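[1] here you go, sequence then predicted model.
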Amino acid sequence: MTATAARPQDGPVPAPLRIGNASGFYGDRFDAVREMLTGGPLDVLTGDYLAELTMLILGRSRLKDPGRGYATTFLRQLEEGLGLAHERGVKVVTNAGGLNPAGLADAIGELAGKVGVPVRVAHVEGDSLPVPDGFLTANAYLGGSGIAACLRAGADIVVTGRVTDAALVTGPAAAHFGWGPEDHDALAGAVVAGHVLECGTQATGGNYSFFRGHDIRRPGFPVAEIHADGSSVITKHDGTGGVVDVGTVTAQLLYETGGARYAGPDVTARLDTVRLAQDGPDRVRISGVRGEAPPPTLKAGLTRLGGWRNEVVFVLTGLDIDAKAQLVRDQIADAFARSGRQPDEVRWELARTDRADAPTEETASALLRLVVRDQDPDAVGRALSGAAIELALGSYPGFHVTAPPGKGAPYGVFEARYVPAGDVEQVAVLPDGRREAQEPAVRTQALADVEQPPLPEPLEAGPTRSAALGLVAGARSGDKGGDANIGVWAGSETAWRWLAHELTVERLRELLPETAGLPVVRHVLPNLRALNFTVHGLLGEGVAAQHRFDPQAKAVGEWLRSRRLEIPVALLDSSPEVHA
């Protein structure tokens with residue numbers, strides 16, 4: 001890390017910056033910090049510990065102990081990692097500070113004193129916003145300028161609160177290469193590299209549609225070699241598991257993104273300009289990324305406790321599954337009516353996991369899931385447990401549940417709002433204690449949809465057969481608040497020519513009936529041979545509210561891939577998945 005690196009046009013071009021990731025979420029593989037520090041060369045090690053749900057968890061932690069509110073796992077990882085990073089000259093940048101970056105920075109300083117490792121610790125403040133009545137946390141998503149200021153001042157470890165995931169990469173890259181706030185193309189390239197890194201092993205074969213072609217039992221964590229122009233190569237340490245290829249990088253680029261403009265506080269990256277190319281085994285080059293001025297507002301995330309929820313899963317075995325399900329529904333409804341404690345929300349879902357003439361009891365059984373939510377904990381606690389357990393000897397034949405309902409648990413709600421960037425002061429607290437305020441972008445550009453690009457020439461008409469979409473296309477899905485994102489890509493130009501015309505919004509609605517009645521937006525990304533769909537409202541009030549069976553939409557993409565439609569025989573005959 002060069003503390004006063006010149007900008008590329010002012011002198012010799014600095015060497016590429018090797019940035020690794022060791023955490024994609026709070027709870028990721030504990031040994032990853034040591035593995036990344038000992039597994040190969042690095043300049044910077046990053047760790048992403050924050051998500052929408054995590055902020056709620058940390059908010060509740062801070063209620064119990066005002067001195068907490070940060071990811072304590074990271075501190076335990078540093079007990080060994082601190083010395084390893086110091087020996088190898090690796091800077092560490094993480095958002096593990098959560099709601100209390102100053103508290104984590106102090107704790108790291110105390111740890112360094114105990115283990116005898118001299119480190120200079122800095123942190124970034126300013127994301128914390130006034131918390132409206134009824135809410136638990138309120139934080140703006142900051143950019144990388146505060147991180148860059150800390151590194152330029154000589155910090156060995158930089159702790160932040162709520163920054164964008166990509167800021168963990170844009171900050172170190174800007175410090176190393178001397179980029180300024182107007183170097184939009186270079187910053188945009190770093191944003192794209194940061195988005196690939198931020199979910200850890202999702203870039204190296206984890207959660208990958210075509211996992212059968214690779215050994216992903218223990219995928220290594222990703223590394224980005226950032227160059228002075230913002231281009232990069234995504235790779236991993238030699239000898240680690242998993243794979244890095246154009247498919248794994250494409251999948252991660254589509255994860256929790258939307259249209260062509262990917263906005264952030266540092267820059268708006270144009271995802272429609274991204275070009276990927278295999279650059280050798282486990283090496284993918286990202287180039288061509290263009291950037292635009294960031295929007296005039298910052299995204300802010302607010303969390304609050306939404307109420308109380310509980311659930312019980314009834315096991316229905318053998319014959320008459322539908323009749324058994326209706327019986328228990330009627331009995332529970334009657335019990336609620338008699339008690340006078342009907343929960344505000346009652347949701348039933350019957351999963352027909354049963355098989356006819358099944359060889360085992362489990363495979364002969366279906367699952368009937370009841371979820372209740374209410375502002376009153378008793379309405380989801382005693383009212384539900386009494387109604388369910390009292391049926392044990394007087395309901396359908398073979399009555400049992402997977403587990404008895406408990407007292408119920410609080411659920412949370414995430415809300416996204418936008419605040420003027422000028423109203424949020426990002427402050428870098430340098431290793432010597434000096435406080436350096438970061439100026440917001442001077443030039444901004446309001447977000448607007450780009451004109452949809454022309455579609456490729458459609459395939460010539462030919463014979464088709466009914467088959468699963470996943471035989472010719474990959475997918476990755478995820479959540480943004482209450483919305484679900486579904487990215488779908490083709491592995492060849494021929495498959496893209498079919499996919500771009502076949503998978504319309506209307507066809508998506510047919511294949512995924514749960515999207516009926518919800519707004520669906522399709523974005524076309526020809527360079528990636530990909531379509532990105534946003535399904536608004538599929539997840540209700542977001543992951544913390546546990547609105548549906550798959551509250552983060554993690555498997556919606558795989559559900560889509562399992563759906564059958566008429567696919568050209570020529571594509572199926574050439575698909576490696578058909579013959580795997």
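    Yes, it's here.
[2] in the protein, which helix has the most residues?
    Counting by DSSP state H, the longest helix found in the chain is helix 321-339.
[3] may I see the buried residues of the helix or strand just after it?
    Sequence order places strand 345-351 as the next helix or strand after helix 321-339, per DSSP states H and E. For strand 345-351, the neighbour count (16 or more other CB atoms under 10 Å) marks Val346, Leu350 as buried. Every C-beta, even on glycine, is put in place using the N, C-alpha and C of the backbone.
[4] now do the next helix-or-strand element following strand 345-351, average pLDDT.
    Using DSSP H and E, the helix or strand that follows strand 345-351 in sequence is strand 365-374. Across strand 365-374, the average pLDDT comes to 96.
[5] from the rest of the structure, what touches the next helix or strand after strand 365-374?
    Downstream of strand 365-374, the first helix or strand assigned by DSSP H and E is helix 377-380. Here helix 377-380 makes contact (CB atoms under 8 Å, 6 or more residues apart in numbering) with Trp308, Arg309, Asn310, Arg341, Gln342, Pro343, Asp344, Val372, Arg373, Asp374, Lys407, Gly408.
[6] which of those are buried?
    Trp308, Arg309, Asn310, Arg341, Pro343, Val372, Arg373, Asp374, Gly408.
[7] would you mind writing the CA trace of the longest helix of the chain as PDB?
    Extracted in PDB, the C-alpha atoms of helix 321-339 (Å, rounded to 0.1, in the frame of the first residue of the first chain):
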ATOM      1  CA  ILE A 321     -53.300 -35.500   2.400                       C
ATOM      2  CA  ASP A 322     -55.500 -32.700   1.300                       C
ATOM      3  CA  ALA A 323     -58.400 -33.700   3.600                       C
ATOM      4  CA  LYS A 324     -56.000 -34.000   6.500                       C
ATOM      5  CA  ALA A 325     -54.700 -30.500   5.800                       C
ATOM      6  CA  GLN A 326     -58.200 -29.100   5.600                       C
ATOM      7  CA  LEU A 327     -59.200 -30.700   8.900                       C
ATOM      8  CA  VAL A 328     -56.300 -29.200  10.900                       C
ATOM      9  CA  ARG A 329     -56.900 -25.800   9.300                       C
ATOM     10  CA  ASP A 330     -60.500 -25.900  10.400                       C
ATOM     11  CA  GLN A 331     -59.600 -27.100  13.900                       C
ATOM     12  CA  ILE A 332     -57.000 -24.300  14.400                       C
ATOM     13  CA  ALA A 333     -59.400 -21.700  13.100                       C
ATOM     14  CA  ASP A 334     -62.000 -22.900  15.500                       C
ATOM     15  CA  ALA A 335     -59.500 -22.900  18.400                       C
ATOM     16  CA  PHE A 336     -58.500 -19.300  17.700                       C
ATOM     17  CA  ALA A 337     -62.100 -18.300  17.600                       C
ATOM     18  CA  ARG A 338     -62.900 -20.000  20.900                       C
ATOM     19  CA  SER A 339     -59.900 -18.400  22.600                       C
END
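[8] for it, name the packing helices and strands.
    strand 297-317, strand 345-351, strand 365-374, helix 382-389 (3 or more CB pairs under 8 Å, 6 or more residues apart in numbering; DSSP states H and E).
[9] residue ranges with poor pLDDT in the stretch 251-400 of the chain?
    Within the stretch 251-400 of the chain, no stretch falls below the threshold (pLDDT under 70).
[10] circling back to that earlier point, output the buried ones among the contacts of helix 377-380 in a markdown table; the columns should cover distance to Asp31.
    Listed next are those as a markdown table, based on distance: CB to CB, whole Å:
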| residue | distance to Asp31 |
| --- | --- |
| Trp308 | 37 |
| Arg309 | 34 |
| Asn310 | 36 |
| Arg341 | 48 |
| Pro343 | 43 |
| Val372 | 40 |
| Arg373 | 38 |
| Asp374 | 42 |
| Gly408 | 36 |
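[11] widest-spaced pair of those residues?
    Arg309 and Arg341 (14.9 Å; CB to CB).
[12] distance to Leu129 added to the helices and strands packed on helix 321-339, as a markdown table?
    Output for these, formatted as a markdown table (distance: least, CB to CB, whole Å):
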| stretch | distance to Leu129 |
| --- | --- |
| strand 297-317 | 6 |
| strand 345-351 | 30 |
| strand 365-374 | 27 |
| helix 382-389 | 37 |
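[13] relative to Ser575, which of these is closest?
    When the helices and strands packed on helix 321-339 are compared by CB to CB, strand 345-351 sits nearest Ser575, at 29.8 Å.
[14] what angle do that closest one and helix 321-339 make?
    Angle of strand 345-351 versus helix 321-339, following axes from the mean of the first three to the mean of the last three CA atoms, to 10 degrees, is 160 degrees.
[15] and strand 345-351, how far out from the chain middle?
    When distances are taken as CA atoms, centre = their mean, to the nearest Å, strand 345-351 is centred 27 Å away from the chain's centroid.
[16] hmm, who's touching it?
    321-322, 325, 329, 336, 366-374, 549.
[17] now these: which count as buried?
    Of those, these count as buried by 16+ other CB under 10 Å: Ile321, Ala325, Arg329, Phe336, Ala366, Leu367, Leu368, Leu370, Val371, Val372, Arg373, Asp374.
[18] state the distance from the residue nearest to the fourth one when sequence neighbours are not counted to Leu368.
    To tie it back to what came earlier, the one meant is Phe336. In space, and not counting its chain neighbours, Phe336 is closest to Gln342: 4.5 Å by CB to CB, 6 or more residues apart in numbering. Noted for Gln342: a distance of 19 Å to Leu368, by CB to CB, to the nearest Å.
[19] next: Ala32.
    For Ala32, the distance to Leu368 - CB to CB - is 39 Å.
[20] next: Arg338.
    21 Å.
[21] next: Gly194.
    From Gly194 to Leu368 the distance is 43 Å (CB to CB).
[22] again with Ala448
    From Ala448 to Leu368 the distance is 47 Å (CB to CB).
[23] could you do Asn532 as well?
    In terms of CB to CB, Asn532 sits 35 Å off from Leu368.
[24] and the lowest-mean-pLDDT helix or strand in the chain, which residues are buried?
    Least confident element among the helices and strands of the chain, by mean pLDDT, DSSP states H and E: helix 382-389 (a mean of 88). Within helix 382-389, the residues scored as buried using 16+ other CB under 10 Å are Ala383, Leu384, Ser385, Gly386, Ala387, Ala388.
[25] likewise stretch 177-188?
    Phe177, Gly178, Trp179, Pro181, Asp183, His184, Asp185, Ala186, Leu187, Ala188.
[26] now for those, which pair is the farthest apart?
    Largest pairwise distance in the buried residues of stretch 177-188, by CB to CB, is 16.6 Å, between Gly178 and Ala188.
[27] picking that back up, now the angle from the longest helix of the chain to helix 382-389?
    Going by the same axes, to 10 degrees, helix 321-339 makes 140 degrees with helix 382-389.
[28] what is Thr268 paired to in the beta sheet?
    Glu292 (DSSP bridges).
[29] list the residues that contact it.
    Ala188, Arg261, Tyr262, Gly291, Glu292, Ala293, Pro294, Pro295, Gln445, Leu447.
[30] nearest to Gly146, out of the residues you listed: which one, please.
    When the contacts of Thr268 are compared for distance to Gly146 (CB to CB), Pro294 wins out at 14.9 Å.
[31] can I assume the closest one sits in a strand?
    No: under DSSP: H, G, I helix; E, B strand; the rest coil, Pro294 sits outside any strand and is assigned coil.
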